[in-house]
Every structure is written in structure tokens, then in C-alpha cells.
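Trainee: attaching a predicted model along with its sequence, questions to come.
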Amino acid sequence: MLRTILSRLLQTVVVVFLLVTFTFFAIHAMPGDPFADAKATSPEEKAALEAYYGLDKPLPVQYFNWWKNVITNNDFGDSIAMKGRKVSTLISESFPVSLKLGLLSLVMGISLGIPLGIIAALYHNQMLDYLAMIIAMAGICVVAFVLGPIFQINIAKPLTSLNVAGWDRPADIILPAITLCFGVAAYLARLTRGGMLDVLSQDYIRSARAKGVPPLKIITRHALRPALMPAVTFLGPAFAAIITGSFVVENIFLVPGMGQHFVLGVTSKDYNLVLGLVLFYGILMGIANLLSDLVLIFMDPKLRTS
Amino acid sequence: MGHISVVRIIGFIVLGLSFLLTSCRRQSNIEEANDAGILIIGNSNEPKGLDPHLVSGVLESNIIRALFEGLCVEDPAIDGKALPGVAMKWTPNKEFTEWTFDLNPDAKWSDGKDVTAHDFVFSYKRMLSPDPNWPAQYSEMLYFLKNAQEYNKGKITDFAQVGAKAVDKHTLLLTLRGPIPYLPELTKHYTWYPVPEHIVLKHGKINTAFSSQWTRPGNLVSNGPFQLKTWTTNHKIEVERNPHYWDAETVSLNGIRYLPVKNYYTETRMYGDEQLHLTYTVPSELIPFAKENYGSQLRQENYVGVRFLRVNTLREPFTNPKVRRAFALAIDQQAICDKILQGGQKPASGIVPPFGEYKPPAIIQFDPVKAKELLAESGYESTSAFPDITILTTDSETGRREAEALQAMWKEHLGINVRIIQREWTTYLQKQYDADYDLCAGGWIGDYLDPTTFLEMWITDGGNNNTGWGSETFEKYLHEAENTADVPQRMATLAKAEETILNDTPVLPIYWYTTTYLIRPEVKNWHPLLLNNHPFKFVKIEKD
């Protein structure tokens, strides 16, 4: 067990290293100048800025310096677009917001998606199944930038107690969380339904039925655990993705989360910000995958020996 | 568990939730803010910074204008009028080359220290710092001072030779490079604002740029009607009354909250949901909706800015001025204003928008017949002989629609095919500065109310010219105007300069900008201003 964890951790380190390396060279290969502004920057000013951010050195040196700074100083450097602010400050300001929003929408997604998937499987090829799958399909197809404004116009506007956007009142989390949770719920419903159908057709379930075990008990005691395995596999990466924020939802609902830093970091060529975020996200993703593997091992005794 | 019970449980949850949500009726954000005397503004994006010497954007200036104050301040209703700011009065010499500013002894920083003439001299020295590591993009705004450019470029090293002197604690003497009758107008611009020497030096050296923390909340000390209260990235910036402000009696608001609403559709919805007093803009698609629903709360006002296309005059076929002119005259500007923008914009007949005493030469007007004639005269036998022409624009929706309209107009009126290239912002800018384009959409917003703010950028090899065009005649007129103290004569010379550039047409004017925004009726003292620099100290919230 300990060996599994250690080997997974080692794999994570390698993957994150490769991820950051690839991102570093990819983002530097992109066209565009991080210091281009609506007003011209003189060659001297540009040179000064490049020297300040160490961008005047050859790429391999910049790459080496970046790692050196991360490892020896625990510092991701300064943001290039938002001058005077450290990447670590931007992350530590925005991550708690995204974490709070992500966790809430994940809990909502799980409590909506898994029951929906179970219902669909139990009423396989009946009205309830179709209804549940239509909802799930809609959840996957209707993207947040459609859903968000629909909620703003049809829920927040008529209800005086909800704001259209913003991050000041406790209730401001509700709409972005609902918008985010739909995607998760939809995937979970489909995965749970598939897993459930698979398990329900197994011999041991048939034996249990033949022995007269009550239907509810068959599901809760015998079917649910193996049926949720695909959903748990999905939840690992989904967890890491959802707690690091969503550009679209943050943009629509004016949420000061982390998702927008990814997109705006790339469009403004804020190399330090993007690399800091990728490193952070990579580590989170590694941890989340490890956790979901551990849960799977806990759920399936067969995995413990393999 | 049968169907019924599941349905019942869901029903209960839905009922419970809707009861919870509707029962707790509460004040809207606006009602709360009105009671607290706080103005809530949509400010478009997260500011890049709050150091008046290191920013160059409009949204940053909206915050800086509340925090800091220059020698003169804007009148809330009259364009081009300067009211006393830190300076109580100012007197020029006869030639307008030397100005004496008497500073208000009551002017204080928000920490209670006096604002002195030395603070201004320190600020100008900082802005003009010749250190190669000092990246002030806007330092040329101070080149009006004698020897400022020379000091900034390192040609002289003694700041005492620059035309800014503190005669005593409350007297500032500015010596200029030539006669500048509109100097008070310039001092309203944030590049001329003072920064607190004692605070800047506490957090670094005079020219410590981005690593200085002096503008962070808790550190920032300012001299304007408001002081910084909170600043959280992508969330909000709040300013509150500066208790030490010399004219605190005039200030009516208790604070301003700036929200970085990047999504303008969200912004309009927030306005409708009573979350904002004032929006940054209204997307053109929502203008009909806003007109219908908000009536007079929708404002469409003139704004000194011009939309144009840069022409790369070093590339075929645009090396030929007749081809450039033909392209300009084939643009149906009115159609772009009416059908695409819908914000009350007006066709641009030149590159300097109409304001004040300036009489612009109206040279560019939609004239497809003349355009065809010019093209025929240009020497190209047929339009198929033209090389492949592209128009570069940003990846915005409006940018695309504008480029498509232009493409259709040139096809229709000149029979020429133009290909559209869209690039995201920084790549687009880089291509523009590298002159890697044929035609490039762009615009310019005036910094102050004088034609030079639109004309000086077109000097040969100017940083924002990027067209490869230059003209000795044009620069001769600019130089002549610079040494003319008589206002009507100066304006006439500047008009000749504009005429020169329009005849040569390295720029194709499209329209004059307007600002379109929504403003709640309880916000008073917010009048149309050409520069859109509203002085917050006069703004009031009053319910009728």
C-alpha cells in the first residue's frame, strides 16, 4: 500500500515536471509581446522591462532560473500583466474563493448526479430513465456561458434576495455554484447509470434477488459500491478542475476566483502567472488522482492485491 | 421507495428553497449604497496598478482621479475649464512660457502631512527619471517642461536645469519649452499629479518601479478627495473620504466602490438588478434594449477619440497616396455608425474630433465616385493587378463586424478583395508596432483638450505612428504652432497640419467616439464631459 502511494507520488513529480517544462516552452513560443500596450513602449522601456523580468536572457537560462527561484525561494516570481503583484499572492487570494465555490458545486453535483444515475438505471428504458438522461445530456451540452445568463435573467432578476453577479453577500455563491454543478452532475449521472446497469446484470445480484433480498437493500448493500467505481475515477480530476475555478463562470458572475488567471495569463503573455498556475494545478491534479485511486482501492478489495 | 415519495421529497425541497429565497426580502445593493452614500461603478477590468506614473489606461485613471489631485481639477460640467486643485491660483507670464502656481496651504496628504511644491518637483523628477529600469510609458506628457525630454533621455543629468522649481513651500514655478496657453488643462491629467515623497521613499528609491509596495492598501497615501480603503484582485476596489482633504466640505460621497466587471452583458444585467449606479459601457447589441427599458438613464455622449485604420505606406499598393485616399473615400462611415455601433457615433472627417475653438478641415467624406476616379488615376490598370491586401484587427466581436463591413464596402465600391486577419490583443499590438500589416484598425483617445494630443503621434517614426509615413511640412506646422502664443493663430496652424496629413492619408478616419453608459437618476452632478474624466468630489447621490 505504502509502495503504491510512494510510486504514485513519484509519478506525479515526473508528470508535473514535464507539464511545466512543456508549458514553459509552449507559452514562450506563442506570438505576442507581454509588454505591448495601447500606447507605444519605446525600445529602451521595453528593454528595461525585459531586463526587470529576466526575459532578456536565453530561454534555457530563463527556464533554469524559474526552477531555481521556485525551489530555493519558494517563489513563482512577479506577475507580468498585473505589475507589482506576486504570482503567489494572486494564487493565495483567488484559490480560497475557487475552493469554496468548487466544493459547494461538487457536493451539489454529486447529490444531484448520483441519485439521477441510480434512478435512470433502476428504471432502465422507461420514462424516468429517459427523463434523467435528457437532463444529463442537457447538462453536458448546455455550456456555462448559456446557463449562467439564463439563471441571471430568470432566477436572480425576479428574486430580490439574489444578486445577478458579484461576490459580496453569502448568497452570491448560489448561482455560480448551480451553474458549475450541472456539468459535474450530468457526467456523474451518466457514469453512475452505466456502472449501475453493469452491476445489476451480474450473477451475484441475480442470486440476491432470487434469495428474496429486498430491492432497496440490493442496491445499497450490494450494487452501489461497485457501481460507483467509474464515477469515483472521474471525480479525482473533476475535483482538481473544479476547485481551480472556471473562467466562464467567474467572468459571468464576477467571481474573484482562479480560473480567469489561467485564461488572462495566457492572453496577456504573463509567463510567470501561467507557469505558477500550471505547477499549482499539476500538483493538485496529482493529489486528487492519488486520492481517487485510494478511494477505489478502499472500495474494491480486488485492487488491494493487484 | 416508490415514485410518489421521491416526487414528494423533491417537491418539498423546491418549495422550501423558493420560500427561503423569496421570503427574505432585503435591500438591493443600490438601496444600501444610497443610504451609506457610496457610489458603485462598473470599471471594466482589474487595474494594472495605481501608481499615477506607471499606468496609462482609462480604467486606472478613474480610480486615480478619486485618490489624487493635481494643480487644477476638472469642472464637473464645463469642458476645458480648470478649477483650483492643489493650486489656489496660477499666473502665466505674457508669453505663456512661465507659470507660477500658488499652492493651497491647507492641501494635505491623507496621512495629514502638507502637500508642498517640493512634492511636485519630486514627482516630476520621478516621472522623468532617466534610469533605463524606469518604465514610465507616459513620461512624454511632461515634455512640455523645459529640458524635460533632455533629462529623460539622459542628455542632461542635472534636474535643476528642468523647468520645475519650488520657489518656496507653497509656490511652484514651471518653465515651459514654448508658449503653452493650455497648461492648466494639462495639469488635470494624472501624469501631472503629485506623489508623496515621504511614502515613495519609505518603500523604495525614487525610481523603484513595480517592486515598490507604496500603492498597496495600507501603504497608499494620496492627496485627493478619497483614500484607498480596500483592493482585492478581480473583486473590488473601495475608496473612502480623505479626512485631511482641503475641500472636504464639497465632497458629498462617503466612498466609491469600483467593480472590475469584464463582461459587459453581466454589467448591464447588474444595472437592471440594482447593483450598479453607473456602467462602464453598454454593448451595442443591448443598446436598443437599454433605450426601451431605461429611457433617459441611457446616456450617449461625445468623447474625444477617433477610430481609424492605419495604412502601411511602405507596402504596395499603399505607397501610392491616391490608393490610400480611394480606400478612405470608399468607407461608408455613416452605415458603420448606424448599423454596427448604434452608439450615436459620428462619421469622422479627419483625425482630430471637433471640440473647443479648433476648426477641423473636413476632408474625408464617403464618396464612392471620387474613390473610383482616384483608383483609376493611381496607375493600377485593373483591380485584379492589386497585390493581396489584408486588414488586421483584434479578436473582438465588434472588431470583426467592423472589418467585415469595410471588406464589403471596398468590394462594392472599388471591386477590391481584402482579407481579414484577427489576432488576440497582444499579438495584434505587436504586429501594429512592427508595421507587419497592410491596413490596421485602431483608435486614439485624447489625453487633454488640444488638437496636439491627436496630431503629435504622427511625427516621423513616432512610437504610435507605425505607418511609415512622415512629412516635413506636417512637422513644420506642428513646430510653428508650438511657438505661437496667440490661440486662434495657433489653431489655424494646427488645422493646416491636419490638412497635410489628411491629404496624404496614411490614416483612414472612420468615426468619432462616443461613450454609452447607464446612470441611475439619483446620481447628480454627472454631466457630459468630452474627456469623460468626471471629478468625483462634486458627484452626489440624491433621491428626488
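Mentor: Good, I have the coordinates.

Trainee: going forward, measure contacts and count neighbours with C-alpha atoms only.
Mentor: Will do.

Trainee: can you give me the helices for the stretch 1-150 of chain B?
Mentor: For the stretch 1-150 of chain B, the helices defined by DSSP state H, counting those that start in this stretch cover B:3-23, B:29-36, B:58-67, B:117-127, B:148-152.

Trainee: roughly how far apart are the residue nearest to the spatial centre of chain B and B:R65?
Mentor: Centroid check for chain B by Cα atoms, centre = their mean gives B:V58 as the closest residue, at 4.4 Å. Using Cα to Cα, to the nearest Å, B:V58 is found at 10 Å from B:R65.

Trainee: and B:I38, by the same measure?
Mentor: Taken as Cα to Cα, the span from B:I38 to B:R65 is 16 Å.

Trainee: one more: B:W192?
Mentor: With Cα to Cα as the criterion, B:W192 and B:R65 are 11 Å apart.

Trainee: same thing with B:P353?
Mentor: For B:P353, the distance to B:R65 - Cα to Cα - is 24 Å.

Trainee: again with B:R419
Mentor: In terms of Cα to Cα, B:R419 sits 42 Å off from B:R65.

Trainee: now do B:Y245
Mentor: Where B:R65 is concerned, B:Y245 sits at a distance of 14 Å (Cα to Cα).

Trainee: just A:L122 next, same as before
Mentor: To B:R65, A:L122 is 64 Å away according to Cα to Cα.

Trainee: so for those two, which sits in the more crowded spot?
Mentor: More neighbours surround B:R65 than the other of A:L122 and B:R65, with 24 against 18 (other Cα atoms under 10 Å in any protein chain shown).

Trainee: the more buried one is in contact with B:P535, isn't it?
Mentor: Yes - between B:R65 and B:P535 there is a contact under Cα atoms under 8 Å: 7.1 Å.

Trainee: residue ranges in chain A under the pLDDT threshold?
Mentor: A:305-306 (pLDDT under 70).

Trainee: find the residue at the geometric middle of it.
Mentor: Note: chain A centre (Cα atoms, centre = their mean) maps to A:A241, 0.9 Å.

Trainee: in which helix or strand would I find the residue nearest to that residue when sequence neighbours are not counted?
Mentor: Spatial nearest neighbour of A:A241, chain neighbours left out: A:M285 (7.6 Å); criterion: Cα to Cα, 6 or more residues apart in numbering or on different chains. In the assignment (DSSP states H and E), A:M285 maps to helix A:271-299.

Trainee: what do you get for B:T516?
Mentor: Going by DSSP H and E, B:T516 is in strand B:507-518.

Trainee: what packs against that strand?
Mentor: strand B:298-311, helix B:321-329, strand B:346-347 (3 or more Cα pairs under 8 Å, 6 or more residues apart in numbering or on different chains; DSSP states H and E).

Trainee: just the CA coordinates of that strand, formatted as CSV?
Mentor: What follows is strand B:507-518, C-alpha atoms only, in CSV (Å, rounded to 0.1, in the frame of the first residue of the first chain):
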residue,chain,number,x,y,z
VAL,B,507,-4.7,57.1,-41.8
LEU,B,508,-8.3,56.4,-42.8
PRO,B,509,-10.7,58.0,-40.4
ILE,B,510,-13.9,56.1,-39.6
TYR,B,511,-15.8,57.7,-36.7
TRP,B,512,-15.6,59.9,-33.6
TYR,B,513,-16.1,58.0,-30.4
THR,B,514,-18.9,58.4,-28.0
THR,B,515,-19.4,56.9,-24.6
THR,B,516,-22.5,54.9,-24.0
TYR,B,517,-23.4,54.1,-20.4
LEU,B,518,-26.3,53.7,-18.0
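
Trainee: ok, residues contacting stretch B:466-486?
Mentor: Stretch B:466-486 is contacted from outside by B:95-96, B:178-181, B:310-314, B:432-435, B:456, B:458-461, B:490-491, B:493-494, B:496-498, B:500-501, B:506, using Cα atoms under 8 Å, 6 or more residues apart in numbering or on different chains.

Trainee: and what of stretch A:30-44?
Mentor: The contact list for stretch A:30-44, computed with Cα under 8 Å, 6+ apart, reads A:46, A:49, A:80-81, A:268-270, B:56, B:132, B:137, B:426-430, B:433, B:463-464.

Trainee: quick one: buried residues of it?
Mentor: By neighbour count on 16 or more other Cα atoms under 10 Å in any protein chain shown, the buried set for stretch A:30-44 is A:G32, A:D33, A:P34, A:F35, A:A36, A:D37, A:A40, A:T41.

Trainee: and the third one, how close does it get to A:V87?
Mentor: Remark: distance between A:P34 and A:V87 (Cα to Cα) = 15 Å.

Trainee: repeat for the last one
Mentor: The span separating A:T41 from A:V87 equals 24 Å under the rule Cα to Cα.

Trainee: for stretch A:119-128, list the C-alpha coordinates in PDB.
Mentor: Only the C-alpha atoms of stretch A:119-128 are listed here, as PDB (Å, rounded to 0.1, in the frame of the first residue of the first chain):
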ATOM      1  CA  ILE A 119     -32.900   6.200 -10.800                       C
ATOM      2  CA  ALA A 120     -32.100   6.000 -14.500                       C
ATOM      3  CA  ALA A 121     -30.500   2.600 -14.100                       C
ATOM      4  CA  LEU A 122     -33.400   1.300 -11.900                       C
ATOM      5  CA  TYR A 123     -36.000   2.400 -14.400                       C
ATOM      6  CA  HIS A 124     -33.900   1.300 -17.400                       C
ATOM      7  CA  ASN A 125     -35.500   2.100 -20.700                       C
ATOM      8  CA  GLN A 126     -38.600   3.600 -19.000                       C
ATOM      9  CA  MET A 127     -39.800   7.200 -18.800                       C
ATOM     10  CA  LEU A 128     -37.800   8.100 -15.700                       C
END
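
Trainee: just the helices in the stretch 201-306 of chain A please.
Mentor: Assigned by DSSP H, counting those that start in this stretch, the stretch 201-306 of chain A shows helices spanning A:203-210, A:215-217, A:224-227, A:229-243, A:247-253, A:259-267, A:271-299, A:301-305.
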